[in-house]
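**Student:** Just the structure for this:
(2 chains)
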There are 2 protein chains.
Amino acid sequence: MYNYLLLLCLLLITTASLAQHDTATTTPEPIPLLRQGSFTAGGTVVTSPGTFDPVADGAFNPASQSTAGQTLHGDHATVFYQVPAEARPLPLVFWHGYGQSMRTWQTTPDGREGFQTLFLRQGFPVYLLDQPRRGLSGRSTQPTTIAAATDDQLWFGIFRLGEGTEFYPDVQFSRDPAALDRFYRQITPDTGPLNIDVNVAAVSAVLDTIGPAVLVTHSHSGGQGWLAALENDNIRGIAAYEPGSNFVFPEGEVPDSIDYVGGTLRARGVPLDTFLRLTEIPIVIYYGDYIPDAPVANPGQEQWRAAVAMARRWTETVNAHGGDATLVRLPDLGLRGNTHFPMSDLNNREVAQLLRDWLSEKGLD
Amino acid sequence: MYNYLLLLCLLLITTASLAQHDTATTTPEPIPLLRQGSFTAGGTVVTSPGTFDPVADGAFNPASQSTAGQTLHGDHATVFYQVPAEARPLPLVFWHGYGQSMRTWQTTPDGREGFQTLFLRQGFPVYLLDQPRRGLSGRSTQPTTIAAATDDQLWFGIFRLGEGTEFYPDVQFSRDPAALDRFYRQITPDTGPLNIDVNVAAVSAVLDTIGPAVLVTHSHSGGQGWLAALENDNIRGIAAYEPGSNFVFPEGEVPDSIDYVGGTLRARGVPLDTFLRLTEIPIVIYYGDYIPDAPVANPGQEQWRAAVAMARRWTETVNAHGGDATLVRLPDLGLRGNTHFPMSDLNNREVAQLLRDWLSEKGLD
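**Tutor:** Below is the predicted model:
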């Protein structure tokens, strides 16, 4: 009797959550959280020659610590996951961008629910990762220096909130100064040299641990996501928000690089047999607003002009080889004012709904 | 009618969770998760002189980036929180130790539920923080170098899993090599100079945001926790696991320092009026096993011998001034084999039950 009642309750609550999301009421129902936790995956172990002497070398002494015979476990990815009751079969695995962490998918800068909670409410198991040498995956096998340079306004521009210190007029970002303060504080540095091979290997190990899943990438993880999919069959679909680099093409079909104010975007070639893996899974790419079609003076917009042009060429190539890749520019669907962070913009529920619909359309829910 | 059913369901589920914890059955019920999210608190903003030119300086160019006129938001704490339905009034705020992060309180190295989930199941709002310049709070206003030194075995000793590479015979730590691998990967470096004043200020800002709460500290945050309580009246109780340093005494009552193999433990003096704040809240301190009462050769045990001796003197002083501080050595209660991480040891449910009972006894639940 008790179990029957409980089951009834869960069904009621699950249904309520969906209804809540669909109608966007302001009093969310509790989420029936079946289990949650964290784990690390991938990485390496380095060992120093010699023998560790716990008596002679066992006191903490940063100035003159002996490393003889000791190991260092590093270069892993760290994952925090949540599984709701009556979960859908395919988890969503969220991978942050450059200078970011799993914070990207949590609460928005203005304090609303991010994709972690929105999709948990929708019944999806959600996995948020910190790639190696970032955030909770801080332990690196290679040393580095962190400069603590003042560069917020650089990112204000590249993340397309505006130009200089001026917001774009209709940008989907709160004008509450506290929101911008929190947005800047989401930035977190590399704790070791940025290494795409290390990142892709660790994320592939995450997918080995999880099993079949849909990968959701952002910015710098977009290109790394293609590389991860080449390595790991557990990636059953990819939704990429504003991928910026590391587009892979079949050798012989690599397009010319694209110059933009501030740099050059180059594509990578891989053997055709390898590339074809990307034609076996549904892929959708989303870009926000303020991305010009022709060159402009502002570098903060220019690199995204190049990225969209490359992404267009890329989806054409994937589809020409029998794939299912869709390029979506949010303004084309009437969603205007999106920054480089559509998942946390003021209209992030609408952005989430597009992903939700795509998952449904592709049978990934 | 629907709302009535939902309320009934929540009550049933909450009751089930409590029963589940009390009887330690192996099929946990879903947790009714009302809301969750993340935020940053505290920190500073530094600004470079000059004027930022978004066109000239707006391209990402790490080798020669201009910082003129730009800001850096850093030195904040980051918090991930969860609030269950029918929540108890006082949240638990969990603060990690040296070289650690909020991972300390999540899944244990051998894959079981950590304090985050155990106490969420008990109806407590749980707040996990990363102190400034650690983990998800990576952005520091001061530069640093990360050495990536091999030092796992040093921590194996100091964290009292064993000596050298040998586990203590009856230690409450899994012998599965994967558990030790994951334990090492919880370590994460400082991304800026370690600064207690910066940490205490940021955690105090966290408490300003949350309101009244119980602080749960570990190791290096133990002493910082006393300092935070001196600053912030929202700390209504403290449970400290294995505090190691920064014990504060009234000026004139500061005890002699304690020498141990590998170092010296010194106490700090504060004005009596300030100190008395620590007599106004219930405090409990827990230490695990393998801490000798007399000097030994192994530095990994020695610093905890000093810490326990100082903690004993400290609780006596707090209580002599009318306070309510309790020192618990887990072996005295029959809990044997605990490392420096009782919250994630194999018997962590028993350790949690002691805290749960203490919270109840002190009216903090």
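
**Student:** next structured bit after the lowest-mean-pLDDT helix or strand in chain A?
**Tutor:** Ranked by mean pLDDT, DSSP states H and E, the weakest helix or strand in chain A is helix A:2-23, scoring a mean of 41. Downstream of helix A:2-23, the first helix or strand assigned by DSSP states H and E is strand A:31-41.

**Student:** what mean pLDDT would you report for that next one?
**Tutor:** The pLDDT scores in strand A:31-41 average 98.

**Student:** Can you check the distance spanned by stretch A:235-253, start to finish?
**Tutor:** Terminal residues of stretch A:235-253 lie 24 Å apart, using CA to CA, to the nearest Å.

**Student:** So which bits of that stretch are buried?
**Tutor:** A:235-250 (16 or more other CB atoms under 10 Å in any protein chain shown). C-betas here are computed from N, CA, C, even on glycine.

**Student:** do the same with stretch A:352-361
**Tutor:** Buried-residue list, stretch A:352-361, by 16+ other CB under 10 Å: A:Ala352, A:Gln353, A:Leu354, A:Leu355, A:Arg356, A:Trp358, A:Leu359.

**Student:** neighbouring contacts of the host helix or strand of the last one?
**Tutor:** By that I understand A:Leu359. Assigned by DSSP H and E, A:Leu359 belongs to helix A:348-361. The contact list for helix A:348-361 (CB atoms under 8 Å, 6 or more residues apart in numbering or on different chains) reads A:21, A:24, A:108, A:112, A:114-115, A:118-119, A:122, A:214, A:216, A:237, A:239, A:282, A:284, A:286, A:326, A:328, A:330, A:333, A:335, A:338, A:342-343, A:345, A:364-365.

**Student:** Now do it, average pLDDT.
**Tutor:** 98.

**Student:** just stretch A:245-264 next, same as before
**Tutor:** On average, the pLDDT along stretch A:245-264 is 97.

**Student:** for stretch A:283-290, same thing?
**Tutor:** Stretch A:283-290 carries an average pLDDT of 98.

**Student:** just so I have it, where are all the helices in the stretch 1-150 of chain A?
**Tutor:** Using DSSP state H, counting those that start in this stretch, the helices of the stretch 1-150 of chain A run over residues A:2-23, A:115-121.

**Student:** contacting residues for the residue lying closest to A:His73 once chain neighbours are set aside?
**Tutor:** Among residues not flanking A:His73 along the chain, B:Tyr184 sits closest, at 3.9 Å (CB to CB, 6 or more residues apart in numbering or on different chains). Neighbouring residues of B:Tyr184 by CB under 8 Å, 6+ apart: A:Thr71, A:His73, A:Arg139, B:Asp152, B:Trp155.

**Student:** Around chain B, which positions in the stretch 151-300 of chain A sit nearby?
**Tutor:** Proximity of the stretch 151-300 of chain A to chain B, by CB under 8 Å from any CB of the partner chain, involves residues A:151-154, A:157-158, A:163-165, A:181-182, A:184-189, A:191-192, A:261-263, A:297-300.

**Student:** Mind doing that once more with 10 Å?
**Tutor:** Taking CB under 10 Å from any CB of the partner chain as the contact definition, the stretch 151-300 of chain A meets chain B at A:151-158, A:162-166, A:178, A:180-194, A:260-263, A:296-300.

**Student:** quick one: which of these sit in helices?
**Tutor:** Secondary structure from DSSP state H places A:152-158, A:178, A:180-185, A:299-300 of those in helices.

**Student:** Identify the farthest-apart pair in the residues you listed.
**Tutor:** A:Ala178 and A:Pro299 (27.7 Å; CB to CB).

**Student:** which one of the two has more residues nearby?
**Tutor:** A:Pro299 (23 against 12; other CB atoms under 10 Å in any protein chain shown).

**Student:** hang on, isn't the more buried one packed against A:Trp155?
**Tutor:** No: taking CB atoms under 10 Å as the definition, A:Pro299 is not a contact partner of A:Trp155, at 12.0 Å.

**Student:** Which pair of the buried residues of stretch A:235-253 spans the longest distance?
**Tutor:** Spanning the widest gap among the buried residues of stretch A:235-253 are A:Tyr241 and A:Pro250, at 24.7 Å by CB to CB.

**Student:** Return the residues in contact with the nearest residue to A:Asp190 once chain neighbours are set aside.
**Tutor:** Leaving aside its chain neighbours, A:Asp190 sits nearest to A:Arg133 (5.3 Å; criterion: CB to CB, 6+ apart). By CB atoms under 10 Å, 6 or more residues apart in numbering or on different chains, A:Arg133 lies in contact with A:74-77, A:139-142, A:144, A:189-195, A:198-199, A:202, B:146, B:148.

**Student:** domains for chain A, by residue range?
**Tutor:** Split into domains by automatic domain parsing, chain A comes to A:1-30, A:34-41+A:74-361.

**Student:** what's the closest of those to B:Asn61?
**Tutor:** Using CB to CB, the nearest of the domains of chain A to B:Asn61 is domain A:34-41+A:74-361, at 7.3 Å.

**Student:** how far out from the middle of the chain is the closest one?
**Tutor:** Using CA atoms, centre = their mean, to the nearest Å, the distance from the centre of domain A:34-41+A:74-361 to the centre of the chain it belongs to is 4 Å.

**Student:** from the contacts of helix A:348-361, which would you call buried?
**Tutor:** A:21, A:108, A:114-115, A:118-119, A:122, A:214, A:216, A:237, A:239, A:282, A:284, A:286, A:326, A:328, A:330, A:335, A:338, A:342-343, A:345, A:364-365.

**Student:** Okay, the closest residue to chain B within the stretch 251-365 of chain A and A:Leu359: tell me how far apart.
**Tutor:** Among the residues of the stretch 251-365 of chain A, A:Gly262 lies closest to chain B, at 2.6 Å counting by CB to the nearest CB. Distance, A:Gly262 to A:Leu359, by CB to CB, to the nearest Å: 35 Å.

**Student:** just to revisit the earlier point, return the helix holding A:Leu359 as CSV; C-alpha atoms alone will do.
**Tutor:** Provided in CSV are the C-alpha atoms of helix A:348-361 (Å, rounded to 0.1, in the frame of the first residue of the first chain):
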residue,chain,number,x,y,z
ASN,A,348,16.6,30.7,-21.5
ARG,A,349,13.4,28.9,-21.0
GLU,A,350,12.5,29.5,-24.7
VAL,A,351,16.0,28.4,-25.6
ALA,A,352,15.6,25.3,-23.5
GLN,A,353,12.2,24.6,-25.2
LEU,A,354,13.9,24.6,-28.6
LEU,A,355,16.4,22.0,-27.3
ARG,A,356,13.6,20.0,-25.7
ASP,A,357,11.6,20.0,-29.0
TRP,A,358,14.7,18.9,-30.9
LEU,A,359,15.4,16.0,-28.5
SER,A,360,11.8,14.9,-29.0
GLU,A,361,12.0,15.2,-32.7
